[in-house]
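# Here you go, sequence then predicted model.
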Amino acid sequence: MWIAENLSKNSINKPTAESGNVVMSEIGNNAIIASGEHIGLDFVTPYGIVSIPPVKEKAVVLPLADREVCVGVISEVSSVQPGEILLKSKGGAEVYLKNDGSVYINGVKVGD
């Protein structure tokens, strides 16, 4: 029984994620180079957020049964604390939601 289970577990080819560099970034025309070239990927993002990673970012590609998708980029080290959210654009705009309830837009505290 153990041999059959072990062979079964080890013989299944599970899809694996890859990371690679974004080399082309346009709506409907994007490419990521990892172990191969991944072209025309869909991007997986939280509902209500639309984002296309810019060229030179390190992106993660995940194969699905019917296609491949980009599930995001590998984030740079940041001062964001667990539970906080920082939205950033390539041009430098930022919205920072902090754990103490404060909101900063481009470094300026908004509200009280």
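Yep, it's here.
# ok, so what distance separates residue 69 from residue 80?
In this view, residue 69 and residue 80 are 25 Å apart by CB to CB, to the nearest Å. Every C-beta, even on glycine, is put in place using the N, C-alpha and C of the backbone.
# cool, residue 29 as well?
Per CB to CB, residue 29 is found 31 Å from residue 80.
# What's opposite the nearest residue to residue 67 once chain neighbours are set aside in the beta bridge?
Using CB to CB, 6 or more residues apart in numbering and skipping the chain neighbours, the partner closest in space to residue 67 is residue 42 (6.9 Å). Under DSSP bridges, the beta-bridge partners of residue 42 are residue 69.
# Please, which helix or strand holds the closest residue to residue 39 other than its chain neighbours?
Nearest non-adjacent residue to residue 39, counting by CB to CB, 6+ apart: residue 31, 4.7 Å away. Take DSSP states H and E as the rule and residue 31 turns out to sit in strand 29-33.
# Alright, I will stop here.
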